[in-house]
Every structure is written in structure tokens, then in C-alpha cells.
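[1] next one to model:
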Amino acid sequence: VQLVESGGGLVQAGGSLRLSCAASGVTFDDYAMGWFRQAPGKEREGVSCISSRSGSIDSMKGRFTISSDVRKHTVYLQMNSLKPEDTAVYYCAARLGKYCPSDPQYDHWGQGTQVTVSS
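    Okay, here's the model as predicted:
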């Protein structure tokens, strides 16, 4: 399994970014795919999850949307109305199972992509 994130960068507050996670070695029907983030000095936190039985689950109050493209083997995280507190390294993760898990114990992780939101 290999997960490769891209799409991070520097954006002004109020702007948007779309992160991509190119996934190989997983089938979206059998794996839950999640996005996490970790800011300096803070614990890693879950952002979104998508799976075949759970659908999409977002925890950013509608500002972020997770989606997947089966043909491209890619999971996306559309981030709108970005705030400086969204600054973090964003990670893609995969976990075997058809439901989004309630715990952050995923099987596979990408290397992360940096998102920086300036005020």
C-alpha cells in the first residue's frame, strides 16, 4: 500500500485548497480512507473519512469535503474558507474495513503535505 499526498501550499485566510491522495494497493470498497492533520505542538486530529458503508464524514463544520475517484484511485479533501488555525501537515490514511472507524488507528499512512494559511 502506498499513499501519496499532494496539493498543499501557502494560501491566504478565506482561500481554498484541494488536497489529493493517490492510493495504490487499496480498493476503496474495502478500505476506509481518512484525512488527518497535525499542527506544531499539537496532537494529530481526524479531519474526514470516507468509506463504502459510512459514506463521507467531515468534522470541520462543512468547510471541508472529502471525496474519492475510483477510476483515478485518488481521495480528495476540498478545503474552503481556510483559517490560520487550519495550518498543519495533512496526512492521508487507509484502514481495512467498510466503515469509518471511531478511533484513529489506521493501517497505512502517507508522508503528509504542508498547508499554511496566512492571516
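
[2] so which residues of this protein form helices?
    Applying DSSP state H to the chain gives no helices.

[3] centroid residue for it?
    Nearest residue to the geometric centre of the chain (C-alpha atoms, centre = their mean): W35, 2.3 Å.

[4] ok, so what distance separates that residue from S119?
    For W35, the distance to S119 equals 23 Å [C-beta to C-beta, to the nearest Å]. Quick note: C-beta positions are derived from backbone N, CA and C, even for glycine.

[5] what do you get for A88?
    Distance of A88 to S119, given as C-beta to C-beta: 15 Å.

[6] looking at the two, which has the bigger crowd around it?
    A88 (22 against 9; other C-beta atoms under 10 Å).

[7] show me what that one is bridged to.
    Here A88 sits in beta bridges with V115, going by DSSP bridges.

[8] can you pull the pLDDT of it?
    The per-residue pLDDT reported for A88 equals 98.

[9] so how far is V47 from it?
    Counting by C-beta to C-beta - A88 and V47 are separated by 9 Å.

[10] and the helix or strand of the chain with the lowest mean pLDDT, what other elements does it pack with?
    Across the helices and strands of the chain, mean confidence by mean pLDDT, DSSP states H and E is lowest for strand 55-58: a mean of 90. Judged by 3 or more C-beta pairs under 8 Å, 6 or more residues apart in numbering; DSSP states H and E, the packing partners of strand 55-58 are strand 45-51, strand 64-69.

[11] I appreciate the help and will end here.
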